[in-house]
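**Q** Sequence first, predicted model second:
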Amino acid sequence: MRYAEHISELVGHTPLVRLTRVTEGLSATILAKVEYVNPGGSVKDRIALKMIEAAEASGELRPGGTIVEPTSGNTGVGLALVAQRKGYDCVFVCPDKVSEDKRDVLRAYGARVVVTPTAVPPDHPDSYYSVSDRLVQEIPGAWKPNQYANPNGPLSHYESTGPEVWADTDARVTHFVAGVGTGGTITGTGRYLKEVSAGRSEGGPVRIVGADPAGSVYSGGDGRPYLVEGVGEDFWPAAYDPQVPDEVIAVTDADSFAMTRRLAREEGLLVGGSCGMAVEAALRLAGRLEEEDAAAAADAVIVVLLPDGGRGYLSKIFSDTWMRSYGFLPDEEGVTAGDILR
Ligand code: PMP
């Protein structure tokens, strides 16, 4: 019999899927690394497992302890499912822009959720950073993973995501594209891929390309708000090493959401908004390679990481009403049965 003792043992080893429709006209091979098949539904399961195991080893997290973290949802799910197995309580602090669906998922795993306003600066006492700090000080046995600064976040990607990409492409990956939130994914995966490919004779080292919502600091913005969730920042987290990415491409909300919808309709990939953003950046990169050197572009193997699934965004990105309310879709009458039968 082949089975896992617990669902948390199945984190990682996610598949690569070639994109074939949204890539029309581009000769590069573009492979999506599909992280929604992780047990908690996102890439964040990887850092959750690593951060908890490291905190147990260092003694920061003791039996019966409580995990307190400001999280937009995905990290919370990962932490909650690992915590469940190991007998820890979880308290998560979420900004109010995070969908109700995502907060309910955290509650379903048995966590408690505290909601804070998005429209306050990070140093404000009601910000989700400040509120979580206060909870950590006042709950006995509390431990805060602090995904924004915890070196085990990037390290989990250095040890798992990077080696998986390298092995699954038979060492042929030429570019790695990922959205930047805490920066853990791009820093850890990028560092590994650069190191392992440093001496490669053909193609040179893997180029690491960040994708960022227009307005966020990583692509030169001032922290102006955007709607895509889980990526972009208004400060520079320690989990992000700006030396790792060779470039960062800024993508607007409108382009991110349009591509997110196309991935569901044309590639069968129901994924989140930061996935559309990353794929849009990967396609722009592929287009530029094509213009610069068509022969080299045909040999390019671009891996783009898709952090989570689309179920948590049904009432937003996949709702025509919501999309229209922000001007992302033209005004239109609803489709009737008559329109379809005509
Ligand atoms: N997309 C989503 C939906 C996320 O939750 C996150 C994590 N914040 C990211 C992308 C970015 O990953 P990272 O924090 O590793 O930069």
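**A** Received, thanks.
**Q** wouldn't Lys33 be in contact with Val165 here?
**A** Yes - between Lys33 and Val165 there is a contact at 6.6 Å, judged by C-beta atoms under 8 Å. (Each C-beta comes from the backbone N, C-alpha and C, glycine too.)
**Q** which neighbours do these two share?
**A** Common neighbours of Lys33 and Val165, using C-beta atoms under 8 Å, 6 or more residues apart in numbering, are Leu16, Val303.
**Q** As PDB, could you dump the C-alpha coordinates of stretch 132-147?
**A** C-alpha atoms of stretch 132-147 as PDB (Å, rounded to 0.1, in the frame of the first residue of the first chain):
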ATOM      1  CA  SER A 132      -0.100  40.700  15.100                       C
ATOM      2  CA  ASP A 133       2.900  42.000  17.100                       C
ATOM      3  CA  ARG A 134       0.500  42.800  20.000                       C
ATOM      4  CA  LEU A 135      -1.100  39.400  19.900                       C
ATOM      5  CA  VAL A 136       2.400  37.700  19.900                       C
ATOM      6  CA  GLN A 137       3.400  39.700  23.000                       C
ATOM      7  CA  GLU A 138       0.200  38.900  24.900                       C
ATOM      8  CA  ILE A 139      -0.600  35.200  24.100                       C
ATOM      9  CA  PRO A 140       1.500  32.800  26.200                       C
ATOM     10  CA  GLY A 141       3.600  30.500  24.100                       C
ATOM     11  CA  ALA A 142       3.000  32.500  21.000                       C
ATOM     12  CA  TRP A 143       5.400  32.300  18.100                       C
ATOM     13  CA  LYS A 144       5.300  34.500  15.000                       C
ATOM     14  CA  PRO A 145       6.800  32.900  11.900                       C
ATOM     15  CA  ASN A 146       7.200  36.300  10.300                       C
ATOM     16  CA  GLN A 147       7.300  35.200   6.700                       C
END
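**Q** contacts for that stretch?
**A** With C-beta under 8 Å, 6+ apart, stretch 132-147 has contacts from 47-48, 51-52, 55, 60-62, 64-71, 75, 79, 91, 93, 114, 153, 182, 184, 239.
**Q** Restricted to helices, list the residues you listed.
**A** Using DSSP state H, the members of the contacts of stretch 132-147 that fall in helices are Ile47, Ala48, Met51, Ile52, Ala55, Thr75, Leu79, Gly153, Gly184.
**Q** Return the per-residue confidence for the first one.
**A** It refers to Ile47. At Ile47 the predicted local confidence, pLDDT, stands at 98.
**Q** Can you give me the neighbour number for the residue nearest to it when sequence neighbours are not counted?
**A** Residue nearest to Ile47 in three dimensions, not counting chain neighbours: Gly153, with 4.3 Å by C-beta to C-beta, 6 or more residues apart in numbering. As a burial measure, Gly153 scores 31 neighbours (other C-beta atoms under 10 Å).
**Q** Pull out the buried members of the contacts of stretch 132-147.
**A** Those of those that meet the buried threshold are 47-48, 51-52, 55, 61, 65-71, 75, 79, 91, 93, 153, 182, 184, 239, by 16 or more other C-beta atoms under 10 Å.
**Q** hang on, the earlier thing: how about the contacts made by the residue nearest to Ile47?
**A** Contacts of Gly153 (C-beta under 8 Å, 6+ apart): Ile47, Lys50, Met51, Gln147, Thr182, Gly184, Gly188, Ala239.
**Q** Quick check: closest non-adjacent residue to Leu79.
**A** Nearest to Leu79 is Ala48, by C-beta to C-beta, 6+ apart, at 4.5 Å.
**Q** can the helix or strand that contains Val304 be found next to the ligand?
**A** Using DSSP states H and E, Val304 sits in strand 301-306. No - residues of strand 301-306 are not located near the ligand by C-beta under 6 Å from any ligand atom, the shortest gap being 8.4 Å.
**Q** roughly how far is that strand from the heart of the chain?
**A** How far strand 301-306 lies from its chain's middle: 13 Å, per C-alpha atoms, centre = their mean, to the nearest Å.
**Q** How about the following helix or strand past it, which residues are buried there?
**A** Next along the chain after strand 301-306, taking DSSP H and E as the criterion, comes helix 320-325. By 16+ other C-beta under 10 Å, the buried positions in helix 320-325 come out as Trp322, Met323.
**Q** The ligand contacts on this protein?
**A** Counting by C-beta under 6 Å from any ligand atom, the chain sits next to the ligand at 44, 72, 74, 179-185, 229-231, 272, 274, 307-308.
**Q** The closest residue to Val165 other than its chain neighbours - how many residues pack around it?
**A** Nearest-residue entry for Val165: Val303, 5.2 Å, with adjacent residues in sequence omitted and distances by C-beta to C-beta, 6+ apart. Neighbours of Val303 under the rule other C-beta under 10 Å: 27.
**Q** please renumber so the chain begins at 698
**A** With the count now opening at 698, the last piece we talked about shows up as Val1000.
**Q** How far away from the center of its chain is the lowest-mean-pLDDT helix or strand in the chain?
**A** Using mean pLDDT, DSSP states H and E, the weakest-scoring helix or strand in the chain turns out to be helix 1034-1038, at a mean of 81. Chain-centre distance of helix 1034-1038: 39 Å, with C-alpha atoms, centre = their mean.
**Q** Nothing else from me, thank you.
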